[in-house]
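turn this into a structure:
(one chain, ligands or ions: 1)
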Amino acid sequence: MEIGGKIIHLESVDSTNRMILSDEYRNMPSGTVMTAEIQTAGRGRGNHLWFSPRGGLYFSILLSAETHLNEYNKLAIMIAHTIRGRLLKYSPNVDFRIKWPNDVFADDKKICGILIQAKTRGDESRIAIGIGINLNITEGDFPEEIGRNAASLSHLTEARIDPEKFLAELLPEIENTHRLFLAGGFEDLLDEINIALYSKGRERDFIVRGKTVNYRILGINPDATLRVYSPETGIISLDMGDLK
Ligand code: BTN
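Just a heads-up that it's a prediction; the model follows:
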């Protein structure tokens, strides 16, 4: 089934990622999408919560794993690139950037986060690609510490965004991206992704296994790791697991 061939819309749920991977939905076909108006315990990477008030777009795409789970880090970056393209259609003058491993930033603020989770049963794995996009969240809705670092599309366009229309435009694009991923096309997009990479050439702090380390960002590698440099380490590559 194509991505979005079946869409389950919930008013409120703790987390669309958790719910779509739960036993309740174990018979859903690959490609099913679950959206929610609000999430009461939206999840982010690294045990963070994803603040999910009304006005944001929260959805998860269910996929049967067709390749090694680590490969899906590539898909997450490819989807960040796809979402960047869609956001640019709404707000062409904003500097949208792909932040490794899989966020989208608007200027210096986060507008979209992606969280991939997997559930393995026997020799079958299912994957939830969870996507949160701040579409219509007004600045006052964000708690202060999040608001300083978060952007909302409606604020950039100065107009309310229709979430159903946005999703209907985005899902076929994600379907194409998924096909390209399955055909081994990550490297085809890598130049474009690196041109749009957040903080490329700049020094940034990373929390690597609990320690804050400063690296200059050089670029994303063909295996989806991040090439960075520091005088102490020389050029090394970070993978997602390093960020824990
Ligand atoms: C991050 O930035 O750390 C990733 C955030 C991912 C949020 C989305 S919203 C829909 C889906 N359900 C969740 O609980 N999380 C993801």
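
which residues touch residue 170?
82, 83, 86 (Cβ atoms under 8 Å, 6 or more residues apart in numbering). Where you see a C-beta, it was placed from the backbone N, CA and C, and this is true even at glycine.

turn the residues you listed into a markdown table, columns for neighbour count.
Converted to a markdown table, these look like this (neighbours: other Cβ atoms under 10 Å):
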| residue | neighbour count |
| --- | --- |
| 82 | 20 |
| 83 | 24 |
| 86 | 19 |
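
centre-most residue in the chain?
residue 114 (2.1 Å; Cα atoms, centre = their mean).

so where does it fall, helix or strand?
Taking DSSP states H and E as the definition, one finds residue 114 inside strand 109-121.

which strands or helices does that strand pack on?
Judged by 3 or more Cβ pairs under 8 Å, 6 or more residues apart in numbering; DSSP states H and E, strand 109-121 is in contact with helix 72-90, strand 103-106, strand 124-133.

so which of these comes closest to residue 10?
For residue 10, the closest of the helices and strands packed on strand 109-121 is strand 124-133, at 13.5 Å, according to Cβ to Cβ.

strands paired with that closest one, and their directions?
Using DSSP bridges, strand 124-133 pairs in its sheet with strand 57-64 (antiparallel), strand 109-121 (antiparallel).

who touches that strand?
15-17, 20-21, 26, 30, 42-43, 50, 52, 56-65, 69, 72, 75-76, 79, 83, 104, 111-120, 153, 166.

what parts of the chain come near the ligand?
Residues of the chain lying near the ligand by Cβ under 6 Å from any ligand atom: 15-17, 39, 42-45, 48, 50, 58-60, 103, 113-115, 130-132.

try it again with 5 Å
Residues of the chain found near the ligand (Cβ under 5 Å from any ligand atom) are 15-17, 42-45, 50, 58, 113, 115, 130, 132.

from the protein, which residue is nearest to the ligand?
Nearest residue of the chain to the ligand, counting by Cβ to the nearest ligand atom: residue 113, 2.2 Å away.

pretty sure that residue is touching residue 50, no?
Yes - contact criterion Cβ atoms under 8 Å: residue 113 and residue 50 qualify, at 6.1 Å.

what sits up against stretch 181-201?
The contact list for stretch 181-201 (Cβ under 8 Å, 6+ apart) reads 66-67, 71, 74-75, 77-78, 81, 84, 96-100, 103, 105, 180, 216-220, 222, 224.

mind giving me the ChimeraX command for buried ones among those residues?
Restricted to buried positions by 16 or more other Cβ atoms under 10 Å, the ChimeraX selection for the contacts of stretch 181-201 reads:
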select :71,74,75,77,78,81,84,96,97,98,99,100,103,105,180,216,217,218,219,220,224
